[in-house]
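>>> Let me see the structure of the following:
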Amino acid sequence: MTNGYPQKDYSCPTKRYVQILELRDDPEMIENYRKLHSEASSWKEVREGIREVGILEMELYILGTKVVMIVDAPMDFDWQQAMDRLATLPRQAEWEATVSKMQGCDEHARSDEKWQMMERFFHLY
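Presented below is the predicted three-dimensional model:
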């Protein structure tokens, strides 16, 4: 999208996490993965759980089989603590089992075991 994507303005300082995941190279599965993440089909309990652990915004971007996740959170956000808690919330394990069929990873893995954290190596200093 050459017009860019609007960003939210938060009432607190934030930090950003960027992760990457590889999907199975199957156009039908990728289309289903996209549909599962659509506003109409995403699971309310999973969205609520993401917010409950302190995540302010989560965005997914796709190119071919690669999916990039961008997460904005408050400065005092503890990633591992949040992921440990998220894994116990309603329908989270069921969601991970559902989407893992389309992801190139172990179907029993938690979200934080599938997604690889990316390292930022440049910004406009």
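
>>> can you give me the helices for this protein?
With helices called from DSSP state H, the chain shows them at 27-36, 44-52, 79-86, 92-100, 111-114.

>>> Quick one: end-to-end length of stretch 85-93, please.
By C-alpha to C-alpha, to the nearest Å, the extent of stretch 85-93 from end to end equals 12 Å.

>>> pLDDT averaged over that stretch - what is it?
Model confidence over stretch 85-93, given as mean pLDDT, is 94.

>>> Tell me which residues of it come out buried.
Judged by neighbour count using 16 or more other C-beta atoms under 10 Å, the buried positions of stretch 85-93 are 86, 87, 89, 92. Using the backbone N, CA and C atoms, a C-beta is placed for each residue, glycine as well.

>>> cool, stretch 70-82 as well?
Residues of stretch 70-82 classed as buried by neighbour count (16+ other C-beta under 10 Å): 71, 72, 73, 77, 79, 82.

>>> between the residues you listed, which is nearest residue 62?
The shortest distance between residue 62 and any of those, using C-beta to C-beta, involves residue 71 and amounts to 16.0 Å.

>>> so where is the protein shaky, pLDDT-wise?
Scanning the chain for pLDDT under 70 picks out 1.

>>> If we use 90, what do you get?
By pLDDT under 90, the weakly predicted segments of the chain are 1-3, 6-7, 97, 104-113.

>>> could you list every residue that touches the nearest residue in space to residue 67 that is not next to it in sequence?
Taking C-beta to C-beta, 6 or more residues apart in numbering, and ignoring the residues beside it in sequence, residue 67 has residue 21 as its nearest neighbour in space, at 4.8 Å. Contacts for residue 21 were tallied using C-beta atoms under 8 Å, 6 or more residues apart in numbering; they are 66, 67, 69, 103, 104, 105, 114, 115, 116.

>>> Could you list which residues are in contact with the closest residue to residue 105 other than its chain neighbours?
Spatial nearest neighbour of residue 105, excluding adjacent residues (C-beta to C-beta, 6+ apart): residue 114 at 4.5 Å. Contacts of residue 114 were listed using C-beta under 8 Å, 6+ apart, and they are 21, 96, 100, 103, 105, 106.
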